[in-house]
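Student: Just a sequence and a predicted model for now, questions to come.
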Amino acid sequence: MKKAIFLDRDGTINNNCDHYYIWSREELVLNPGVSETLAELKSRGYLLIVISNQGGISKGEGSAEDVEELHMHLRSLLKQEGVSLDEIYYCPHHHMVETCLCRKPQPLMIEKALARFNIDPAISWMIGDAERDVEAGKAAGLRTILIEPNSDLREVLGKID
């Protein structure tokens, strides 16, 4: 079985202090240490999978196309640094508009990745900047790390074996 690092997007990978929803390439700014941390985790044999709530789609503040384009840009930025993401899962729903089973803190997006990539949750991690990230990770059987929003991601390296 494989091991993986699951990461929240906004506030963990990219800075979201000026925008609750990040829709455009111009708004996408990587947090400090992201490229170095992801490269190191990849070198340790971890798959890298992003798990993100994107409820602004359901609320009509942006579209799935906007999110897909932003994710292509994110992949491109990371690729320039020698890092590739294995997958990005996102939930387009928002609890104020509709109910769903995939929005964090529900673990469905993580569970899909566990099954698809044959990942062992006992040797995998969820890293996020909100309690809902930690709850989703724990519900899926992962070890979890809660970070300060928009902080230097290198701080997690000493916690992950």
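Tutor: Looks like it came in fine. Residues are numbered from 1 along each chain as shown.
Student: what packs against the helix of greatest length in the chain?
Tutor: Secondary structure of the chain per DSSP state H: the longest helix is helix 64-80. In terms of contacts (3 or more CB pairs under 8 Å, 6 or more residues apart in numbering; DSSP states H and E), helix 64-80 is packed against helix 34-43, strand 87-91. C-beta: built from backbone N, CA, C; applies to glycine.
Student: which neighbours does the biggest strand by length in the chain have in its sheet, and in what orientation?
Tutor: Secondary structure assigned by DSSP state E gives strand 46-53 as the longest strand of the chain. When sheet partners are counted by DSSP bridges, strand 46-53 sits next to strand 3-7 (parallel), strand 87-91 (parallel).
Student: List the contacts of it.
Tutor: Identification of contacts with strand 46-53 by CB atoms under 8 Å, 6 or more residues apart in numbering yields 2-10, 13, 38, 41-42, 71, 74, 83-91, 103-104, 109-110, 113, 117, 119, 124-126, 132-133, 136.
Student: that older thread, present the strands paired with strand 46-53 as a markdown table; the columns should include distance to Ile51 and mean pLDDT.
Tutor: As requested, the strands paired with strand 46-53 are exported to a markdown table (distance: least, CB to CB, whole Å; pLDDT from 0 to 100):
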| stretch | distance to Ile51 | mean pLDDT |
| --- | --- | --- |
| strand 3-7 | 5 | 98 |
| strand 87-91 | 5 | 97 |
